[in-house]
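A.B. asks: The following comprises the amino acid sequence and a computationally predicted model.
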Amino acid sequence: MRLTVEEGNGALLARDLSQRSTIWTRSYVRTLVFGDVVCALVACNVVLGVRQWYGVFIPIAEMAFGGMLAVVWPVAMAMAGAYRERIHGEGSEEFKALFEGGGGLMAVVAIGAYATQTSVARSFVLAMIPLALLLTMSFRYGMRKRLHRRRQAGQYLRRVVAVGHRAAVLDLMIQFRRQPYHGMRVVAVCLPSGWDSRTGADVDGVPVLGDFTKVAQVVDEVSADAVAVLACPEFDGDQLRRLAWNLEATDTDLFVAPALMDVAGPRTSIRPVAGMPLLHVEHPEFGGYRRVIKNVFDRCVAGLALLLLLVPMVAIALCIRATSAGPALFRQVRVGRDGREFRLFKFRTMVRNAEELKGRLTEINEFDGVLFKIRNDPRVTRVGAFLRRHSLDELPQLLNVLRGEMSLVGPRPPLPEEVAQYGTDVRRRLVVKPGMTGLWQVSGRSDLSWEESVRLDLRYVENWSLILDLQILWKTWSAVTSGEGAY
């Protein structure tokens with residue numbers, strides 16, 4: 001009886017948490033709608049106010065039309081999917097939906113005015129809607145950061161049942177815990193049939209509540225918000241289809257991880273062949289006009305950054321020379337694209353004989369791979385520790401970018417002795433230029449394990465694009481200012 005009562009209490013608690021998740025989601029959406037309307041009204045008043053400032057007479061009909069646009073603004077956002085739960089906290093998808101909504105409304109107003117020969121002030125199309133979009137994006141950015149902080153504190157998380165092999169489930173849980181801003185928390189696990197309870201009735205503290213045949217039952221038991229099915233041969237298409245039918249009644253989201261987990265959406269498409277849906281995977285592009293655009297972008301930005309940062313870099317060099325013996329710049333041979341070696345520039349952050357002392361510290365290496373990293377490295381100077389924490393020691397690498405040896409964004413530039421230990425898969429990192437920053441920089445930096453850093457570098461290689469570079473550069477700023485994971 002006691003066990004039954006405890007199970008009942010657990011089910012009640014799960015349902016209570018699920019209800020809270022639904023409540024905060026609805027409240028969050030209402031806040032977004034209200035904020036979007038306010039942004040549109042502010043944009044309308046600003047545009048009308050500026051016109052009045054210049055002495056333009058504004059009839060009542062135009063004022064009413066501006067107010068109508070403000071009311072229609074959240075409708076356009078909703079039609080573009082800007083209020084969907086799955087994009088809460090996801091910046092790129094949310095901004096894409098906002099652009100689609102704003103652009104769609106602008107097109108409707110312009111085409112409608114032309115088709116009906118209605119005289120509509122051009123300021124509504126050319127000023128109000130773009131200003132409303134800019135204000136809405138700023139408002140959404142603030143809301144997203146607020147949501148990220150709440151999720152970091154363990155709130156507003158979606159309850160997920162993970163389905164797959166123990167190792168894959170553990171890897172998924174580690175990623176969710178490392179990046180809680182995605183809003184996912186694994187609350188139960190379903191392993192393949194015949195799983196051995198002697199290896200543990202839980203996966204890193206999360207209970208295993210059944211096998212693949214009991215997924216729907218487990219979802220109901222823990223009141224999950226979503227199910228994540230990881231790639232495994234035991235879970236075939238028929239099982240997945242039946243699971244989707246069962247989850248449809250409870251409106252539980254279903255996420256399926258493909259076997260090619262590091263290939264992004266733009267490279268994949270589903271094509272029907274002989275009545276069968278086949279996943280087509282395009283090859284990554286490492287040449288052509290995209291490569292030329294990336295090279296031009298890298299060198300232009302690096303040149304401009306060197307001009308703007310010349311005085312601070314000189315000041316850093318003087319601080320290094322004044323506080324420790326040795327040159328301000330540190331030169332080291334690294335391996336670039338296609339295995340070509342080059343000389344990398346950095347501000348010196350260690351004592352002058354750091355390489356000679358490295359052999360004495362190999363026994364206390366804290367990195368689980370070919371890298372050599374120590375959190376409290378005794379060779380690092382006081383000024384060097386500050387430079388490393390905020391990645392200021394890497395500023396001279398702008399010279400490498402300007403010379404074409406590196407890129408602004410790319411895999412971490414490895415040492416020759418590290419490359420000598422690479423396997424076939426890891427050598428894939430060398431098909432593009434190494435970067436000053438990358439996915440490894442914005443995903444944990446030195447706190448990442450060797451396997452995680454390799455996976456992130458390979459993910460970048462497989463999916464690189466100028467848009468991805470811009471996203472990484474944007475995220476690098478917060479990673480550098482926080483100093484988290486740098487040593």
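C.D. replies: Right, received. Where do you want to start? If you're wondering where the values come from, they're calculated on a predicted model, not measured in any experiment. Numbers count the residues shown, from 1 in each chain.
A.B. asks: neighbours around R382, how many?
C.D. replies: Look at R382: counted by other C-beta atoms under 10 Å, it has 9 neighbours. C-beta here means a position set from N, CA and C on the backbone, and glycine is covered the same way.
A.B. asks: Assess the claim that it and T323 are in contact.
C.D. replies: Yes: the pair R382 and T323 passes the contact test of C-beta atoms under 8 Å, sitting 6.8 Å apart.
A.B. asks: residues shared between the contacts of these two?
C.D. replies: Contact with both R382 and T323 is made by no residue, according to C-beta atoms under 8 Å, 6 or more residues apart in numbering.
A.B. asks: any idea where the helices of the stretch 101-250 of the chain begin and end?
C.D. replies: 122-123, 129-152, 166-178, 215-222, 237-250 (DSSP state H, counting those that start in this stretch).
A.B. asks: Show me what the fourth one is packed against.
C.D. replies: The contact analysis (3 or more C-beta pairs under 8 Å, 6 or more residues apart in numbering; DSSP states H and E) places helix 215-222 against helix 2-53, strand 158-163, strand 184-191, strand 206-211, helix 237-250.
A.B. asks: which one of the ones you listed is the most hemmed in?
C.D. replies: A comparison of those by mean neighbour count, using mean count of other C-beta atoms under 10 Å, puts strand 158-163 on top with a mean of 26.
A.B. asks: Please enumerate residues in contact with that strand?
C.D. replies: Outside strand 158-163, the residues touching it (C-beta under 8 Å, 6+ apart) are 14, 17-18, 21, 169, 172-173, 176, 183-190, 203, 206, 212, 215, 218-219, 222-230, 235, 253, 255.
A.B. asks: Partner strands of it, with direction?
C.D. replies: Note on strand 158-163: by DSSP bridges, its sheet partners are strand 184-191 (parallel), strand 226-229 (parallel).
A.B. asks: and L473, which of those is closest to it?
C.D. replies: Of all the strands paired with strand 158-163, strand 184-191 sits nearest to L473, with 25.8 Å by C-beta to C-beta.
A.B. asks: Least reliable of the helices and strands packed on helix 215-222 by average pLDDT, please.
C.D. replies: Of all the helices and strands packed on helix 215-222, the minimum mean pLDDT falls on helix 2-53 (a mean of 72).
A.B. asks: Next secondary structure after that one?
C.D. replies: Using DSSP states H and E, the helix or strand that follows helix 2-53 in sequence is helix 60-79.
A.B. asks: does V333 sit in a helix or strand, and which one?
C.D. replies: V333 belongs to strand 329-335, assigned by DSSP H and E.
A.B. asks: Which strands or helices does that strand pack on?
C.D. replies: Packed against strand 329-335 by the contact rule (3+ C-beta pairs under 8 Å, 6+ apart) you find strand 341-347, helix 416-419.
A.B. asks: Give the buried residues for the last one.
C.D. replies: To tie it back to what came earlier, the one meant is helix 416-419. E418, V419 (16 or more other C-beta atoms under 10 Å).
A.B. asks: Any chance of TSV for the helices and strands packed on helix 215-222, columns distance to M63?
C.D. replies: Listed next are these as TSV, based on distance: least, C-beta to C-beta, whole Å:
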stretch	distance to M63
helix 2-53	7
strand 158-163	43
strand 184-191	46
strand 206-211	57
helix 237-250	47
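A.B. asks: looking at the ones you listed, which is closest to L392?
C.D. replies: strand 184-191 (34.1 Å).
A.B. asks: hang on, the earlier thing: looking at the helices and strands packed on helix 215-222, which is closest to A132?
C.D. replies: Nearest of the helices and strands packed on helix 215-222 (C-beta to C-beta): helix 2-53, 3.8 Å.
A.B. asks: Kindly report which one of the helices and strands packed on strand 329-335 carries the lowest mean pLDDT.
C.D. replies: Mean pLDDT is lowest for helix 416-419 among those, at a mean of 86.
A.B. asks: Who are the packing partners of it?
C.D. replies: Using 3+ C-beta pairs under 8 Å, 6+ apart, helix 416-419 is in contact with strand 329-335.
A.B. asks: what's the strand it packs on in contact with?
C.D. replies: Applying C-beta under 8 Å, 6+ apart, the external contacts of strand 329-335 come out as 317, 341-350, 396, 413-416, 418-419, 430, 434.
A.B. asks: what about stretch 163-176, distance to the chain center?
C.D. replies: Offset of stretch 163-176 from its chain centre (C-alpha atoms, centre = their mean, to the nearest Å): 19 Å.
A.B. asks: what do you get for stretch 340-356?
C.D. replies: 31 Å.
A.B. asks: go on, stretch 201-220?
C.D. replies: Centroid separation for stretch 201-220 versus its chain: 28 Å, with C-alpha atoms, centre = their mean.
A.B. asks: In PDB, list the C-alpha atoms belonging to it.
C.D. replies: Provided in PDB are the C-alpha atoms of stretch 201-220 (Å, rounded to 0.1, in the frame of the first residue of the first chain):
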ATOM      1  CA  ALA A 201      17.500   1.100 -13.200                       C
ATOM      2  CA  ASP A 202      18.400   4.700 -14.000                       C
ATOM      3  CA  VAL A 203      20.600   6.700 -16.400                       C
ATOM      4  CA  ASP A 204      22.600   9.200 -14.500                       C
ATOM      5  CA  GLY A 205      19.800   9.600 -12.000                       C
ATOM      6  CA  VAL A 206      16.900   9.500 -14.400                       C
ATOM      7  CA  PRO A 207      14.700   6.400 -13.900                       C
ATOM      8  CA  VAL A 208      14.300   3.800 -16.600                       C
ATOM      9  CA  LEU A 209      10.500   3.100 -16.600                       C
ATOM     10  CA  GLY A 210      10.200   0.600 -19.400                       C
ATOM     11  CA  ASP A 211      11.200  -0.600 -22.900                       C
ATOM     12  CA  PHE A 212      10.100   0.600 -26.300                       C
ATOM     13  CA  THR A 213       6.700  -1.000 -26.100                       C
ATOM     14  CA  LYS A 214       5.800   1.100 -23.100                       C
ATOM     15  CA  VAL A 215       6.700   4.600 -24.300                       C
ATOM     16  CA  ALA A 216       3.100   5.900 -24.400                       C
ATOM     17  CA  GLN A 217       2.400   4.500 -21.000                       C
ATOM     18  CA  VAL A 218       5.500   6.200 -19.600                       C
ATOM     19  CA  VAL A 219       4.500   9.500 -21.100                       C
ATOM     20  CA  ASP A 220       1.200   9.300 -19.400                       C
END
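A.B. asks: Output the helices and strands packed on strand 329-335 as TSV; include the columns distance to A162.
C.D. replies: As requested, the helices and strands packed on strand 329-335 are exported to TSV (distance: least, C-beta to C-beta, whole Å):
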stretch	distance to A162
strand 341-347	41
helix 416-419	33
